[in-house]
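Undergrad: What follows is a predicted protein model with its sequence.
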Amino acid sequence: MPYTEGVEAHRTEATIGEHGTLLLQNLQFEPGQPVEVLVVSKPNIEAEEPSNVLLGSVLEYRDPFEPVAGEEWEALLADRASIRLPRHH
């Protein structure tokens, strides 16, 4: 049987308590069911520079190589073409 067959996952966030303890409650597993626990640190957003606030916040990429707001650029170019700049003599 492949390792991932029958594997269920539950993601939660928690804060390490006093003396390095961690309490997990309301997990979606049966009592007595063996589980694997992996604890991964999270960056402290409050301590980071403001420029990093959105770091890691992208949830989905849609057509990452396609132009963005192409219609708006076309409208801008059309407006720009209709503007007559004064000529210098």
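TA: Alright, I've got the coordinates.

Undergrad: And residue 40, how far from residue 23?
TA: Separation of residue 40 from residue 23 (Cβ to Cβ, to the nearest Å): 17 Å. Every residue, glycine included, has its C-beta placed from N, CA and C.

Undergrad: Look at these two and report which has more neighbours.
TA: residue 23 (8 against 4; other Cβ atoms under 10 Å).

Undergrad: now that one, nearest residue through space, not along the chain?
TA: residue 17 (6.8 Å; Cβ to Cβ, 6 or more residues apart in numbering).

Undergrad: So that neighbour sits against residue 24, correct?
TA: No: under the criterion of Cβ atoms under 8 Å, residue 17 makes no contact with residue 24, lying 11.5 Å away.

Undergrad: Please put the alpha-carbon coordinates of stretch 19-28 into CSV.
TA: The C-alpha atoms that make up stretch 19-28 are tabulated as CSV, following Å, rounded to 0.1, in the frame of the first residue of the first chain:
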residue,chain,number,x,y,z
HIS,A,19,7.9,25.6,29.2
GLY,A,20,7.7,24.8,25.4
THR,A,21,4.4,23.0,25.6
LEU,A,22,1.9,22.7,22.8
LEU,A,23,-1.8,21.7,23.3
LEU,A,24,-3.8,20.5,20.3
GLN,A,25,-7.5,20.2,20.7
ASN,A,26,-10.5,19.2,18.5
LEU,A,27,-8.4,17.2,16.1
GLN,A,28,-10.4,15.3,13.4
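
Undergrad: let's have the chain start at 855 instead
TA: In the new count, where the first residue is 855, that last one comes out as stretch 873-882.

Undergrad: which residue is nearest the centroid of this structure?
TA: By Cα atoms, centre = their mean, the chain has its centre lying nearest to residue 911, at 2.8 Å.

Undergrad: Would you mind giving both backbone torsions of that residue?
TA: phi -90, psi -10 (degrees, to the nearest 10).

Undergrad: and if you look at residue 889?
TA: Per degrees, to the nearest 10, the backbone of residue 889 is at phi -140, psi 160.

Undergrad: Then residue 925?
TA: phi -60, psi -40.

Undergrad: ok, it - contacts?
TA: With contact set as Cβ atoms under 8 Å, 6 or more residues apart in numbering, residue 925 has no partners.

Undergrad: Having no further points to raise, I will conclude here.
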